[in-house]
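In: sequence isn't available, so here's the structure alone:
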């Protein structure tokens, strides 16, 4: 891959990451205010989840990973085979 | 090896407090079956007590509740109870259920290499969702119930004499049922929103070792 192609790919990856972030933020924003989530040893309110995803820190990435894995499994039909 | 269960259930934060309270169901089931329970609750869930109880009482079933990672399961105030290349041999010839994060990944595998009969746990973070309005009444939390009841089925099934593979299957089936409910119109919005997290618990719950192991 030459340098121009590499840069194009990196730009596409960044755009994809931004789109994923927007999707996950929209899902959390639409969620019930009553929901709290404990991931590992820490628990988060809806507001805290939004802050972490917006900040793109490790917790935010973890929340994004969970949401995206769920959506991918749903799109691929894995969920319906299992449920 | 004694037909008994040892439970660790610290209660130093909200998550462990939920697991602490919901573990009462497992203790009641053991009592109904007249199976001795060694209950390391609260501050008693520490390394010294754990080692002492395991050596002295030699229970066949060990049920951990607490935080952890790939290499360690912790007790009160996150004090390590068992960790890789340290004291995993304490779990030799036992059936283990680790309701803690990631522990099946390294610790569980190493336990099986060191003759643990069966290890049921999670290869990724164990997640629980709660209702913000129920945090002072964990047993009445209709969101957490969907997560914790299926996981309680692992030790409850084992206490009934089921094999490890059946305890695992029943827990998986219960998660699948709850997951279907969460996607249905009968679920509240918060229960629906919690569905992705239950899905991840189901996907990464694993059974290692002898599927036919039983108490």
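Out: Okay, I see it. Source: prediction; values computed, not measured.
In: what's the burial count for the residue lying closest to residue B:55 once chain neighbours are set aside?
Out: Spatial nearest neighbour of residue B:55, excluding adjacent residues (C-beta to C-beta, 6 or more residues apart in numbering or on different chains): residue B:90 at 7.5 Å. For glycine as for every other residue, the C-beta is placed from the backbone atoms N, C-alpha and C. Neighbour count of residue B:90, defined by other C-beta atoms under 10 Å in any protein chain shown: 18.
In: could you name the helices and strands sitting against whichever strand or helix holds residue B:48?
Out: Residue B:48 belongs to helix B:47-57 when assigned by DSSP states H and E. Applying 3 or more C-beta pairs under 8 Å, 6 or more residues apart in numbering or on different chains; DSSP states H and E, we find helix B:47-57 packed against strand B:2-9, strand B:37-41, strand B:80-83.
In: so is the following helix or strand past the last one next to chain A?
Out: Next along the chain after strand B:80-83, taking DSSP H and E as the criterion, comes strand B:95-99. No: applying C-beta under 8 Å from any C-beta of the partner chain, one finds that strand B:95-99 is not in contact with chain A, the shortest distance being 12.2 Å.
In: each with direction, which strands does strand B:95-99 pair with?
Out: If you go by DSSP bridges, strand B:95-99 pairs up with strand B:59-65 (parallel), strand B:118-122 (parallel).
In: can you tell me what sits against it?
Out: Residues outside strand B:95-99 that contact it (C-beta atoms under 8 Å, 6 or more residues apart in numbering or on different chains) are B:19, B:60-66, B:68, B:73, B:104, B:107-108, B:111, B:116-122, B:126, B:151, B:154-155, B:158, B:164, B:167, B:213-215.
In: what's the strand ranked longest in chain A packed up against?
Out: Criterion DSSP state E: the longest strand present in chain A is strand A:35-39. Applying 3+ C-beta pairs under 8 Å, 6+ apart, one finds that strand A:35-39 makes contact with strand A:42-44, helix A:46-55, helix A:58-75, strand B:127-131.
In: near chain B at all, the second one?
Out: Yep, that's helix A:46-55 we're talking about. No: Helix A:46-55 does not reach chain B (C-beta under 8 Å from any C-beta); its nearest approach is 8.6 Å.
In: got the residues of chain B near chain A?
Out: So chain B meets chain A at B:13-15, B:67, B:78, B:101, B:125-133, B:135, B:143, B:176, B:179-180, B:183, B:188-190, B:193-197, B:199-200, B:202-203 (C-beta under 8 Å from any C-beta).
In: the residues you listed in strands, which ones?
Out: Per DSSP E, the residues of chain B next to chain A map to strands at B:127-131.
In: please tell me how far the residue lying farthest from the centre of chain B sits from chain A.
Out: Distance from the C-alpha centroid of chain B peaks at residue B:185, with 29.7 Å (C-alpha atoms, centre = their mean). The gap separating residue B:185 from chain A is 15 Å, by C-beta to the nearest C-beta, to the nearest Å.
In: can you pull the pLDDT of the spatially most central residue of chain B?
Out: Among the residues of chain B, the one closest to the centroid is residue B:99, at 2.9 Å (C-alpha atoms, centre = their mean). Per-residue pLDDT puts residue B:99 at 96.
In: could you measure from residue B:103 over to chain A?
Out: 12 Å.
In: hmm, residue B:66 and that residue touching each other?
Out: No: at 9.7 Å, residue B:103 and residue B:66 do not qualify as touching, with contact defined as C-beta atoms under 8 Å.
In: now the common contact residues for the two.
Out: Applying C-beta under 8 Å, 6+ apart, one finds that residue B:103 and residue B:66 are jointly contacted by residue B:73.
In: and the nearest residue to residue B:59 once chain neighbours are set aside, how many neighbours?
Out: Among residues not flanking residue B:59 along the chain, residue B:4 sits closest, at 3.9 Å (C-beta to C-beta, 6+ apart). Look at residue B:4: counted by other C-beta under 10 Å, it has 18 neighbours.
In: right, I'll call it a day here.
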